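> Here is my input, please return the structure:
(one chain, ligands or ions: 2)
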Amino acid sequence: MTSSFSTVSPSSTASAVHSKPTVKANVNLNEAPRIQLGKTTNQPVSDRQKALRTLFTQFQKLYAGVLEQQPTLAHESSLAQENDISGTTNNLKAYKSAIHHAAVSISRRPPPDRIPHSSIGTVRESRAAQQAEQLAKASRLSPERLRRYCLSHETMVQWGYPDSTITELVVPSTTCVSSEGFAQTCYRCKIDFVVSTSQDMGDCIFHHGRTVPERIEGKRVWIYSCCRKERGAAGCEEGVHVFTDNDDDVKLAQRVPYKTTAQIIEEKGLKGTKHVDVVGIDCEMISTTAGSSLARISIIDENGAILLDEFVRQTVSVLFSGVRAADLENAVMDINDVRAAACSFIGPDTVIVGHGCVDLSNSVTSDTSRLENDLRAMRLLHPHVIDTAILFPHDKGAPFRRALRDLVKEKLGYFIQVHTADAGHSSVEDAKATLDLLKWQVRDDQDDIQA
Ligand SMILES: [Zn+2]
Ligand SMILES: [Zn+2]
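Ligands and ions are numbered 1, 2, ... in the order given. Take a look at the predicted model:
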């Protein structure tokens with residue numbers, strides 16, 4: 001083992017109660033470090049030096065397997081540990097007792113076999129690292145833990161998910177790629193119109209907000225959230241007419257047929273691909289001459305790392321979009337390509353997690369921001385789905401759903417979707433928050449089992 005060094009490792013585990021102790025160059029690393037005197041010292045130097053030797057002996061023993069990788073580690077930890085204790089007590093007896101307890105606690109740690117490791121560092125640091133490790137372990141979204149939260153086929157159908165038993169979803173009786181030239185009802189202003197890309201801006205006068213009940217002068221009235229005008233008032237925004245097939249899955253299949261995850265994997269030769277256990281998913285939709293169309297898909301893994309984040313090339317004309325035109329123009333994958341890309345992560349056993357109700361006042365179209373509509377937009381039939389809006393039911397029961405941001409605030413104590421209503425929601429942020437909620441539930445249920 002080297003006995004001297006010239007640089008201090010950047011991953012020093014020293015804590016900072018006093019000024020942070022550092023290992024000086026050219027010291028003998030096989031001997032206990034010398035006490036480093038700060039501005040004040042609460043205990044006699046001779047006692048501190050003795051304590052340092054005690055701590056160093058324990059750290060040196062504990063780190064035997066990793067000292068070769070980081071020879072200064074025992075010096076750093078013993079200096080930091082002594083500094084921690086010296087800074088928090090004036091009483092010599094209490095100081096000695098704290099040193100003794102620290103030495104015993106260090107001697108009981110399992111030896112680290114790598115750096116970083118929860119056994120490395122001062123008592124405080126090691127304890128915090130162990131707690132973080134336990135939390136991660138308790139939050140682990142393993143397939144066995146997740147099965148109980150997955151929706152049954154009946155529940156999926158009840159909550160408006162596409163019904164995988166309807167063969168016409170996979171094998172449509174007819175095709176209807178675009179509705180250009182056909183009459184539809186605009187979902188914004190409720191007027192019948194002929195679908196066309198040559199509409200003028202202002203053909204559609206509408207409110208983008210919802211109506212919410214309010215009590216004004218003792219009378220209950222419905223007020224638009226967008227402009228605070230009373231229900232029935234002329235629209236406060238102008239656009240073009242747009243339509244959606246809503247949850248008419250047979251009609252949607254005529255535009256782009258549905259596929260099962262297993263089918264895509266078979267067709268694309270993705271068998272044998274290492275699929276992940278669980279994904280969070282979020283989609284953005286736009287209005288086209290074929291109704292609502294998938295414009296962007298974001299898929300994250302259980303740690304929040306992005307697996308896929310793609311804009312989708314449109315094969316029909318766009319009528320209205322909350323997505324930048326350039327992003328759509330530059331997109332290389334069409335819906336079939338992104339679906340195949342998604343199935344390089346999503347296998348037949350993967351659990352897809354989403355929240356069935358993101359703040360609706362933010363959505364571009366009336367039917368976005370629900371997990372069943374994300375799957376609908378992808379035209380994907382998948383058997384293992386967890387919907388946190390169903391997992392955390394509304395007090396009033398179905399069909400009411402709690403907003404994602406309210407649940408996150410209540411259960412996790414942090415805020416999401418704090419930007420303005422026009423900015424829309426961030427797909428990745430929502431997907432991550434949804435997985436965090438599920439981890440909370442997994443931990444909570446384990447506590448129940450242990451209790
Ligand atoms: Zn309005
Ligand atoms: Zn309209």
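> tell me the contacts of Leu55?
Residues in contact with Leu55, defined by C-beta atoms under 8 Å, 6 or more residues apart in numbering, are Ser77, Ser78, Gln81, Glu82, Ile99, Ala102, Ala103, Ile106. No exception for glycine: its C-beta is placed from N, CA and C like everyone else's.
> Compare these and tell me which is most surrounded.
Comparing those on neighbour count, Gln81 comes out first with 33 neighbours (neighbours: other C-beta atoms under 10 Å).
> Wasn't it part of a helix?
Yes. With DSSP: H, G, I helix; E, B strand; the rest coil as the criterion, Gln81 is assigned to a helix.
> Next, work out how far apart it and Arg48 are.
Distance, Gln81 to Arg48, by C-beta to C-beta, to the nearest Å: 12 Å.
> what does Thr185 give?
In this view, Thr185 and Arg48 are 82 Å apart by C-beta to C-beta.
> what about the two, which has more around it?
For Thr185 against Arg48, the residue with the higher neighbour count under other C-beta under 10 Å is Arg48, and the figures read 21 against 12.
> That one contacts Ile35, doesn't it?
Yes. Contact status for Arg48 versus Ile35: in contact at 4.8 Å, counting by C-beta atoms under 8 Å.
> ok, back up a step: dump the contacts of Leu55 to JSON lines, plus secondary structure and distance to Gln263.
Rendered in JSON lines, the data for the contacts of Leu55 read as follows (DSSP: H, G, I helix; E, B strand; the rest coil; distance: C-beta to C-beta, whole Å):
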{"residue": "Ser77", "secondary structure": "helix", "distance to Gln263": "56"}
{"residue": "Ser78", "secondary structure": "helix", "distance to Gln263": "61"}
{"residue": "Gln81", "secondary structure": "helix", "distance to Gln263": "59"}
{"residue": "Glu82", "secondary structure": "helix", "distance to Gln263": "64"}
{"residue": "Ile99", "secondary structure": "helix", "distance to Gln263": "66"}
{"residue": "Ala102", "secondary structure": "helix", "distance to Gln263": "60"}
{"residue": "Ala103", "secondary structure": "helix", "distance to Gln263": "63"}
{"residue": "Ile106", "secondary structure": "helix", "distance to Gln263": "57"}
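> Leaving out the residues flanking it, which one is nearest to the residue in the stretch 51-200 of the chain that ligand 1 sits nearest to?
The shortest separation between the stretch 51-200 of the chain and ligand 1 is 10.9 Å, found at Arg188 (distances taken as C-beta to the ion). Ranked by C-beta to C-beta, 6 or more residues apart in numbering and with sequence neighbours excluded, the top spatial neighbour of Arg188 is Phe206, at 3.7 Å.
> The one you found bridge partners, please.
Each beta-bridge partner of Phe206 is listed here, defined by DSSP bridges: Glu237.
> and it, what does it touch?
Applying C-beta under 8 Å, 6+ apart, the residues near Phe206 are Cys186, Arg188, Cys189, Gly235, Glu237, Gly239.
> got a list of what the second one touches?
With contact set as C-beta under 8 Å, 6+ apart, Arg188 has these partners: Cys204, Phe206, His208, Gly235, Gly239, His241, Val242.
> is it true that Pro257 touches Arg379?
Yes. In this structure, Pro257 is within contact of Arg379 by C-beta under 8 Å, at 6.6 Å.
> Among the two, which residue is more densely surrounded?
For the pair Pro257 and Arg379, the greater number of neighbours falls to Arg379 (21 against 15), based on other C-beta under 10 Å.
> how about that one, phi and psi?
phi 50, psi 50 (degrees, to the nearest 10).
> Look up how far Ile346 lies from it.
Following C-beta to C-beta, the distance that separates Arg379 from Ile346 is 14 Å.
> Name the residues contacting each of these two.
Listed contacts common to Arg379 and Ile346 are nil; contacts here mean C-beta under 8 Å, 6+ apart.
> related to what we said a few turns ago, which residues are in contact with each of Arg48 and Ile35?
Shared between the contact lists of Arg48 and Ile35 (criterion: C-beta under 8 Å, 6+ apart) are residues Glu82.
> Which positions in the chain make contact with ligand 2?
Within the chain, the positions lying close to ligand 2 (C-beta under 5 Å from the ion) are Cys186, Arg188, Cys189, Cys204, His241.
> would CSV of these with pLDDT be doable?
Rendered in CSV, the data for those read as follows (pLDDT from 0 to 100):
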residue, pLDDT
Cys186, 96
Arg188, 92
Cys189, 94
Cys204, 96
His241, 97
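> I'd like the C-alpha coordinates of stretch 65-81 written as PDB, please.
Output for stretch 65-81, consisting of C-alpha atoms alone and laid out as PDB, is shown next (Å, rounded to 0.1, in the frame of the first residue of the first chain):
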ATOM      1  CA  GLY A  65     -10.900  -4.100   1.400                       C
ATOM      2  CA  VAL A  66     -11.100  -0.600  -0.200                       C
ATOM      3  CA  LEU A  67      -8.100   1.300   1.100                       C
ATOM      4  CA  GLU A  68      -6.100   0.300  -2.000                       C
ATOM      5  CA  GLN A  69      -8.600   2.200  -4.100                       C
ATOM      6  CA  GLN A  70      -8.600   5.200  -1.900                       C
ATOM      7  CA  PRO A  71      -5.600   5.200   0.600                       C
ATOM      8  CA  THR A  72      -6.600   8.400   2.300                       C
ATOM      9  CA  LEU A  73     -10.000   7.100   3.300                       C
ATOM     10  CA  ALA A  74      -9.300   6.100   6.900                       C
ATOM     11  CA  HIS A  75      -7.500   9.400   7.600                       C
ATOM     12  CA  GLU A  76     -10.400  11.400   6.100                       C
ATOM     13  CA  SER A  77     -13.100   9.500   8.000                       C
ATOM     14  CA  SER A  78     -11.300   9.600  11.400                       C
ATOM     15  CA  LEU A  79     -10.500  13.300  11.100                       C
ATOM     16  CA  ALA A  80     -14.200  14.000  10.100                       C
ATOM     17  CA  GLN A  81     -15.600  11.800  12.900                       C
END
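> and which of the residues of the chain next to ligand 2 is nearest Asn90?
Nearest to Asn90 among these: Arg188, at 71.3 Å, using C-beta to C-beta.
> Is the closest one in a helix, a strand, or coil?
Reducing the assignment to helix, strand or coil with three-state DSSP, the entry for Arg188 is coil.
> Val353 too?
Taking three-state DSSP, the label given to Val353 is strand.
> give me the beta-bridge partners of it?
In this structure, Val353 bridges to Gly280, Ile386 when assessed by DSSP bridges.
> That one and Glu284: what is the separation?
With distances taken as C-beta to C-beta, Val353 is found 18 Å from Glu284.
> so where do the strands sit in the stretch 101-250 of the chain?
183-185, 192-194, 204-206, 211-216, 219-224, 237-239 (DSSP state E, counting those that start in this stretch).
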